[in-house]
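J.: need coordinates for the following:
(2 chains)
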Amino acid sequence: NAGVTQTPKFRVLKTGQSMTLLCAQDMNHEYMYWYRQDPGMGLRLIHYSVGEGTTAKGEVPDGYNVSRLKKQNFLLGLESAAPSQTSVYFCATLLSSGGLDTQYFGPGTRLTVL
Amino acid sequence: AQSVTQLGSHVSVSEGALVLLRCNYSSSVPPYLFWYVQYPNQGLQLLLKYTSAATLVKGINGFEAEFKKSETSFHLTKPSAHMSDAAEYFCAVSGGSNYKLTFGKGTLLTVNP
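T.: Model (predicted):
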């Protein structure tokens, strides 16, 4: 049981390049989230999904796209990377069981855009 | 709409001293409140959560927090700091749809020997 995994752990991009970050979970959780963490800013929600085939915008969605084709995977894409997207990206998952549940976080992906 | 304010971006205490990390929230609906801890180069780990069952919440590693509705606060405390408590701590509120979390900006806790 690996929980929440993120691939890759580190990446360096040049401005204008594209890439996809993968979040995978083996807990059969319905909800998945992508956050970015910047110094002094806490975590901010980029996009989220409430189930397979669904996606929705969070607080800071510009410059990112997401897809949830399979329940266990949530992909975050950067079509044309910019230095402002240099950040640490965290994925989180949550099982909705009618009550309040906890978001479980992955280990993060550190992205640098030059 | 909801928001979280963490007072003090950096708190420094001596080993064995009281730890107090402050969190105030704003929420238009009854909130659920969380404290997460982040050790260097790691993801976030849940310390404790308030879900309206009890106002004093006990978490892992000896931490606890008290929900005070009148003060819109959810401060985190630990009676005696340990070197291993050095980390960044985040307060978060959930009260809207889809269990979305709104985080504070974090408080870095330093523990001095």
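J.: low-confidence ranges in chain A?
T.: For chain A, the stretches flagged by pLDDT under 70 are A:1-2, A:96-100.
J.: switch the cut-off to 90
T.: Counting by pLDDT under 90, chain A has low-confidence residues at A:1-3, A:27-28, A:39-40, A:94-103.
J.: and the strands in it?
T.: A:4-7, A:10-13, A:19-25, A:31-38, A:42-49, A:56-57, A:65-67, A:73-78, A:87-94, A:104-105, A:109-113 (DSSP state E).
J.: closest one to B:Y39 among the ones you listed?
T.: strand A:104-105 (12.1 Å; Cβ to Cβ). All C-beta spots, glycine's among them, are computed from the backbone N, C-alpha and C.
J.: which pLDDT value goes with the residue most central in space within chain B?
T.: Nearest to the geometric centre of chain B sits B:W35, at 3.5 Å (Cα atoms, centre = their mean). Note for B:W35: predicted pLDDT of 96.
J.: and it, which helix or strand is it part of?
T.: strand B:32-38 (DSSP states H and E).
J.: give the pairing partners of that strand; include direction for each.
T.: Paired with strand B:32-38 in the same sheet, following DSSP bridges, are strand B:44-50 (antiparallel), strand B:87-94 (antiparallel).
J.: so which of these is the most packed in?
T.: strand B:87-94 (a mean of 24; mean count of other Cβ atoms under 10 Å in any protein chain shown).
J.: now the angle between strand A:87-94 and that one, please.
T.: 50 degrees (axes from the mean of the first three to the mean of the last three Cα atoms, to 10 degrees).
J.: and the next helix or strand past strand B:87-94?
T.: Next along from strand B:87-94, by DSSP H and E: strand B:102-103.
J.: and that next one, what's its mean pLDDT?
T.: 93.
J.: is it anywhere near chain A?
T.: Yes: using Cβ under 8 Å from any Cβ of the partner chain, strand B:102-103 reaches chain A at B:102-103.
J.: how far is that strand from where the chain is centred?
T.: How far strand B:102-103 lies from its chain's middle: 11 Å, per Cα atoms, centre = their mean, to the nearest Å.
J.: tell me the angle the strand holding B:W35 makes with strand A:31-38.
T.: The directions of strand B:32-38 and strand A:31-38 differ by 50 degrees, with the same axes, to 10 degrees as the criterion.
J.: what about strand B:32-38, distance to the chain center?
T.: Chain-centre distance of strand B:32-38: 5 Å, with Cα atoms, centre = their mean.
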